[in-house]
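Engineer: Quick one, what's the 3D model for this:
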Amino acid sequence: MTESTVLLVDDEEPIRATLAPYLERSGFRVRTAADGEEALTAVVAEPVDIIVSDVIMPRRDGRSLLRELRGRQDWTPFILLTRVDQAFERSAALDEGADDYLGKPFDPPELVSRIRAVLRRARPGQRSLASAQVLRAGELEFDRTARRVRLRGRDVDLTPRATTLLEYLMSHPDELHTRDRLLATLWGYEFAVTTRAIDHRIAEIRRVLGDDPQEPRYVETVQASGYRFVAAVSGS
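Structural biologist: As a prediction, this is how the structure comes out:
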């Protein structure tokens, strides 16, 4: 199998010096850039399979790099490294088309897991589910621009947190998501004391969509692990 090439973008040299060798030991080819401007030049010169970028950097930050690439219709898979205590960065990552995002500080094995999951979903040269404006799974439709969920052509009402959770699950189908990961990724621990908050929102989604947890059409419970969106998802 051909190794995938990761472009690691971070203005802190110690992070590049530590993380790049780890990614190489994990089976990836790695190129590095010290900021978004350098990364943009590198991608134009030689495409990569996935970009992993910090947000806060001089000259051009990670979100600006992402917006520039998406504006050029460049759908290179993109993972943003956000500050775990900045909820607005997480929502911005979704809004601007990141394929995934990870709160800093993080464990390197978790980043490797995220990279592999994103690459499995990626369709070379095509808009990813994370960049799609509308997500569809059978009779379920999620309009991300309007923040509107429809089932069999009719609007359904979900709380804002349940809407965010459903959006994340639909844009990351067939992946196992632990409660801890969902809580930290979507809202950060500042919003809830325990991971039961995730269970409550999953229960809300199932109730509104009429999804039977014993025979799920949409959200499957993986015993003692977490949840998985099991329906096939397409985007446009």
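
Engineer: Just the element for the nearest residue to residue 26 once chain neighbours are set aside, please.
Structural biologist: The shortest distance from residue 26 to any non-neighbouring residue, by C-beta to C-beta, 6 or more residues apart in numbering, is to residue 112 (4.8 Å). Where C-beta positions appear, they are placed from N, C-alpha and C, glycine not excepted. Here residue 112 sits within helix 108-121, counting by DSSP states H and E.

Engineer: helix or strand right after that helix?
Structural biologist: strand 134-137.

Engineer: about what we covered before: what packs against the helix holding residue 112?
Structural biologist: For helix 108-121, the packing partners by 3 or more C-beta pairs under 8 Å, 6 or more residues apart in numbering; DSSP states H and E come out as helix 13-25, strand 50-54, strand 78-83, strand 100-104.

Engineer: still on that earlier bit, contacts only, for the residue nearest to residue 26.
Structural biologist: Applying C-beta atoms under 8 Å, 6 or more residues apart in numbering, one finds that residue 112 lies in contact with 22-23, 26.

Engineer: For these, pick the one with the most neighbours.
Structural biologist: Scoring those on neighbours with other C-beta atoms under 10 Å, the highest-scoring entry is residue 23 at 20 neighbours.

Engineer: Residue 7 is in contact with that residue, correct?
Structural biologist: No: with the criterion set as C-beta atoms under 8 Å, residue 23 and residue 7 do not qualify as a contacting pair; they are 10.6 Å apart.

Engineer: Pull up the overlap in contacts between these two.
Structural biologist: With C-beta under 8 Å, 6+ apart as the test, residue 23 and residue 7 both reach residue 30.

Engineer: circling back: kindly give the local confidence score, pLDDT, for the residue nearest to residue 26.
Structural biologist: At residue 112, the pLDDT value in this model is 95.

Engineer: ok, now how distant is it from residue 197?
Structural biologist: Here residue 112 is placed at a distance of 27 Å from residue 197 (C-beta to C-beta, to the nearest Å).

Engineer: Can you name the residues bridging to the nearest residue to residue 111 once chain neighbours are set aside?
Structural biologist: With C-beta to C-beta, 6+ apart as the measure, residue 102 is the residue that lies nearest to residue 111, at 6.0 Å, once sequence neighbours are left out. For residue 102, the beta-bridge partners under DSSP bridges are residue 81.

Engineer: Low-confidence bits of the chain, can you list those?
Structural biologist: 1-2, 84-95, 125, 188-194 (pLDDT under 70).

Engineer: ranges for the strands of it?
Structural biologist: The residue ranges that make up the strands of the chain, judged by DSSP state E, are 5-9, 29-33, 50-54, 78-83, 100-104, 134-137, 140-143, 148-151, 154-156, 177-178, 219-222, 226-229, 234-235.

Engineer: And the fourth one, how far out from the chain middle?
Structural biologist: Its chain's C-alpha centre and that of strand 78-83 lie 9 Å apart, by C-alpha atoms, centre = their mean, to the nearest Å.

Engineer: neighbouring contacts of it?
Structural biologist: When contacts are taken as C-beta under 8 Å, 6+ apart, the neighbours of strand 78-83 outside the stretch itself are 10, 50-56, 62-63, 66, 69, 89-90, 93, 97-104, 106, 111, 114-115, 118.

Engineer: Taking helix 108-121 as reference, get the angle to that strand.
Structural biologist: Between the axes of strand 78-83 and helix 108-121, defined by axes from the mean of the first three to the mean of the last three C-alpha atoms, to 10 degrees, the angle is 150 degrees.

Engineer: will you turn the helices and strands packed on helix 108-121 into a markdown table that also has distance to residue 236?
Structural biologist: Putting the helices and strands packed on helix 108-121 into a markdown table (distance: least, C-beta to C-beta, whole Å) gives the following:
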| stretch | distance to residue 236 |
| --- | --- |
| helix 13-25 | 32 |
| strand 50-54 | 23 |
| strand 78-83 | 19 |
| strand 100-104 | 20 |
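
Engineer: Since that was my last question, I'll sign off now.
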